[in-house]
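**Q** predicted coordinates and the sequence they were generated for:
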Amino acid sequence: MVVQVVESFTAPGMMSSPGRRIVDADGIQLKFSDGRVALCATSGLWNVPFGYGNTTVAEHMEQPLRSLHYGTLFRYSNDYADRAAQLLVEAVGDSYQAVIFGTSGSALNDAAVKFARQRAVLQGKAEKRIVVTFRGSYHGMTLSSMALSGERLGQAAFSVDIRFVRHLSLDDPEEWEHFFERFGNQVALVMLEPMLGSGVFEPTQAVLRKIAQLRDEYDFLLMADEVATGFYKLGTFAASMQWPRMPDLIGFSKALTNGAAASSMLLVSEESWSVFLEHDCPFMHGETQAGSPLSAAATIGVFDFMSQYEIEWHVQHVSEGIAATCANLEKQFHLAHRGRGLFHFLGWGDDAWWKAAAQDASGDPIWHIVDSFREHGVVVQPSIHGIQIIPQIVTTDAEMCQIGQALSETFEQLERSRPWK
């Protein structure tokens, strides 16, 4: 009997494809078991912005791997976790006083909800239970984080409990105003993606200003879910550093270890943490692998690499390169294009192209389209009516040209299958 490894978001009949089995990687290059080589234009699903096989990260992980490879945070701590937490706080600002470790973005967001509700209870405001997120957002796939997600993920099939979750518009401040007039005193947490990771949509400044105003009026916690956008994806280390008001909580995962270990870190502001200090109350949350020396060492390695790499210059340079590449493709193939920084979307405005491009697919049409790009030498992320491109920060000019050429060749092939041509 052949044991099947379950691939996320993939029908069983499409699993174990040699064309999608990765056997080796170097820098931004991936090698597949069918012999093909392709450049990664997704930063390894947002996890690997600093290149596969990053030697700086590997060297930092080697020491704990040979000695203290595991150290629990259940009533203990370790130097690696302390150092990683300090580095992350220094990167964002010293107004953050506590760090809660986890193992994934989903677990991180679960912890944030628990933190906000426990804070409310300690303040004598147990009625504050509602969590508000953006409509169309993605916050994970555990039962709790699926409820937080405004994207349709089949929540009903799993009886996901959404009684205390609301999803509001990312571009209509009046909707926020009206909602808080009715329910503001029941809101514990507003959790926002700086850029919707699914679809590359960005909240308007008007909505962000309104939320900042409501935060001061209703005393909920404001959280930035930076799992996808953190580590310079939108120009600054944390995209929420550009908001009208700094959030009370900021969550990081994915790039936190350059994909080398499962980890997440939730930054807690001094004001938010003071409630727990005042009551000398433990936060009732924990994960067995959270804050392990091995994963924390990977984070320390990421910061060491960034300190040597002129990181802000490279971020700006690669951002300009991918923006120019997408602008050329937009003009050449009359595509829809949106995004900024290292987050970009390309596609058509409705699903006519999507269906036409997949009309000869024998299986999942999404994988048919993604495989078309891979066959031309580039790995992309499927999106609604198109694809997303999130290049690695270490992408060279020559590699950017190769990515552009592969994208162009694939769009040309898909263009020929449009029914109105």
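**A** That came through, no problem. Residues are numbered from 1 along each chain as shown.
**Q** what about the helices in the stretch 301-421 of the chain?
**A** 311-333, 351-357, 365-375, 397-415 (DSSP state H, counting those that start in this stretch).
**Q** for the stretch 1-150 of the chain, same thing?
**A** Along the stretch 1-150 of the chain, the stretches classed as helices by DSSP H, counting those that start in this stretch are 55-65, 79-92, 105-122, 143-148.
**Q** what's the mean pLDDT across the second one?
**A** Spelled out, that is helix 79-92. The pLDDT scores in helix 79-92 average 98.
**Q** let me have the helices of the stretch 1-150 of the chain in a markdown table, adding distance to residue 181 as columns.
**A** Heads up, the C-betas are built off the backbone N, CA and C, glycines and all. Output for those, formatted as a markdown table (distance: least, Cβ to Cβ, whole Å):
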| stretch | distance to residue 181 |
| --- | --- |
| helix 55-65 | 49 |
| helix 79-92 | 32 |
| helix 105-122 | 20 |
| helix 143-148 | 23 |
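**Q** for residue 161, which of these is the nearest?
**A** Comparison of those against residue 161 by Cβ to Cβ identifies helix 143-148 as nearest, at 6.0 Å.
**Q** follow the chain on from the closest one and name the next helix or strand.
**A** Once helix 143-148 ends, the next helix or strand along the chain (criterion: DSSP states H and E) is strand 165-168.
**Q** centre of the chain versus that next one, how much separation?
**A** Distance of strand 165-168 from its chain centroid, counting by Cα atoms, centre = their mean, to the nearest Å, is 19 Å.
**Q** tell me the helices and strands packed up against whatever helix or strand comes next after it.
**A** Counting by DSSP H and E, the element after strand 165-168 in chain order, helix or strand, is helix 173-183. In terms of contacts (3 or more Cβ pairs under 8 Å, 6 or more residues apart in numbering; DSSP states H and E), helix 173-183 is packed against strand 165-168, helix 205-218.
**Q** out of those, deepest packed?
**A** Most buried of the helices and strands packed on helix 173-183 by mean neighbour count (mean count of other Cβ atoms under 10 Å) is strand 165-168; its value is a mean of 19.
**Q** residues making contact with stretch 157-174?
**A** 129-137, 143, 146-148, 150, 155, 175-176, 179, 183, 196, 201-204, 206-207, 209-210 (Cβ atoms under 8 Å, 6 or more residues apart in numbering).
**Q** ok, for residue 176, nearest residue in space, not its chain neighbours?
**A** residue 210 (5.1 Å; Cβ to Cβ, 6 or more residues apart in numbering).
**Q** okay, the helices of the stretch 1-150 of the chain in JSON lines with distance to residue 366 and mean neighbour count next?
**A** Formatted as JSON lines, the helices of the stretch 1-150 of the chain follow (distance: least, Cβ to Cβ, whole Å; neighbours: other Cβ atoms under 10 Å):
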{"stretch": "helix 55-65", "distance to residue 366": "31", "mean neighbour count": "18"}
{"stretch": "helix 79-92", "distance to residue 366": "35", "mean neighbour count": "18"}
{"stretch": "helix 105-122", "distance to residue 366": "22", "mean neighbour count": "23"}
{"stretch": "helix 143-148", "distance to residue 366": "20", "mean neighbour count": "22"}
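**Q** nearest to residue 259, out of these?
**A** Across those, residue 259 has its closest neighbour in helix 55-65 (9.2 Å, Cβ to Cβ).
**Q** how far off centre is stretch 68-78?
**A** With Cα atoms, centre = their mean as the basis, stretch 68-78 stands 26 Å off its chain's centre.
**Q** tell me the buried residues in stretch 151-162?
**A** Across stretch 151-162, burial judged by 16 or more other Cβ atoms under 10 Å covers 151, 153, 155, 160.
**Q** so what's the first one up against?
**A** If I follow you right, that is residue 151. Applying Cβ under 8 Å, 6+ apart, the residues near residue 151 are 136, 137, 138, 198.
**Q** now tell me which of the residues you listed the prediction trusts least.
**A** Out of the contacts of residue 151, that is residue 198, at 82.
**Q** I'd assumed residue 253 was in contact with residue 104.
**A** Yes. Using Cβ atoms under 8 Å, residue 104 is in contact with residue 253, at 6.1 Å.
**Q** now do the shared contacts for these two.
**A** residue 264.
**Q** higher neighbour count, these two?
**A** Between residue 104 and residue 253, counting by other Cβ atoms under 10 Å, residue 253 is the more crowded of the two (27 against 21).
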